[in-house]
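[1] whatever this is, show me its structure:
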Amino acid sequence: MSWFIGEVPRDYRDFTPDPTGEKYGIPTYFWKTAPVHLLTRRQLRSVGLRPGGQDIAAQVVILRRHREPLVAHLFDVNQAALKREATPAQLEALRKATREHQLRAAERHGVDRAQFDQPDRSEAARPVNAFAAATERDAADRESGWER
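    Here you go, the predicted model:
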């Protein structure tokens with residue numbers, strides 16, 4: 001499946017850039033030759049933007065012999081919207097899910113949940129790295145010839 005918009009060139013030598021969009025339907029550029037104001041989704045995300053419902057403005061193509069071309073869709077920075085910020089409730093839900101994921105991973109390695117629920121004695125105290133302790137214990141068991 002190709003993400004190329006327009007008729008895919010049969011051979012990489014048949015491809016010609018189309019900055020006007022006449023041949024492929026939208027402006028098409030070689031890699032690193034697109035105008036500065038056109039960015040991929042990842043590039044938009046890195047500067048705190050999102051496409052914001054706009055259509056694909058152009059495409060960048062990396063040609064490869066005997067394989068389909070690699071295609072990246074580009075969006076206009078001038079029409080991009082700011083990234084939405086997560087609400088406090090969403091952030092809290094993510095924190096809880098991450099914590100549960102970490103606890104289950106620790107349990108798979110033989111660490112009891114109760115070790116993680118012990119309160120810190122001071123604010124400067126770092127949490128016990130129970131996962132590392134379990135890994136060291138497993139390595140010592142393997143060295144002694146005992147397997148779980």
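[2] K83 versus G52, what's the distance?
    Remark: distance between G52 and K83 (C-beta to C-beta, to the nearest Å) = 10 Å. Quick note: C-beta positions are derived from backbone N, CA and C, even for glycine.
[3] contacts only, for L38.
    57-58, 74-77 (C-beta atoms under 8 Å, 6 or more residues apart in numbering).
[4] farthest pair in those residues?
    Across those, the two members that end up farthest from each other (C-beta to C-beta) are A58 and V77, 12.0 Å apart.
[5] these two: which has the busier surroundings?
    Shown here are A58 and V77; by other C-beta atoms under 10 Å, A58 has more neighbours (21 against 16).
[6] what is the nearest of the contacts of L38 to R95?
    Checking those against R95 with C-beta to C-beta, the nearest one is F75 at 31.3 Å.
[7] my guess is that closest one contacts P51, does it?
    Yes. With contacts counted by C-beta atoms under 8 Å, F75 reaches P51, the gap being 4.5 Å.
[8] who touches both of these two?
    41, 44.
[9] the two: who's more crowded?
    A count of neighbours by other C-beta under 10 Å puts F75 above the other of F75 and P51, at 23 against 20.
[10] quick one, what contacts the more buried one?
    Per C-beta under 8 Å, 6+ apart, neighbours of F75: 38-41, 44, 51, 54, 56-57.
[11] helix, strand or coil for it?
    strand (DSSP: H, G, I helix; E, B strand; the rest coil).
[12] so what sits opposite it in the bridge?
    Going by DSSP bridges, F75 is paired in beta bridges with L39.
[13] which of the contacts of F75 are buried? Put it as a PyMOL command.
    Buried members of the contacts of F75, defined by 16 or more other C-beta atoms under 10 Å, are picked up in PyMOL with:
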select buried, resi 38+39+40+44+51+57
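[14] this completes my enquiry, with thanks.
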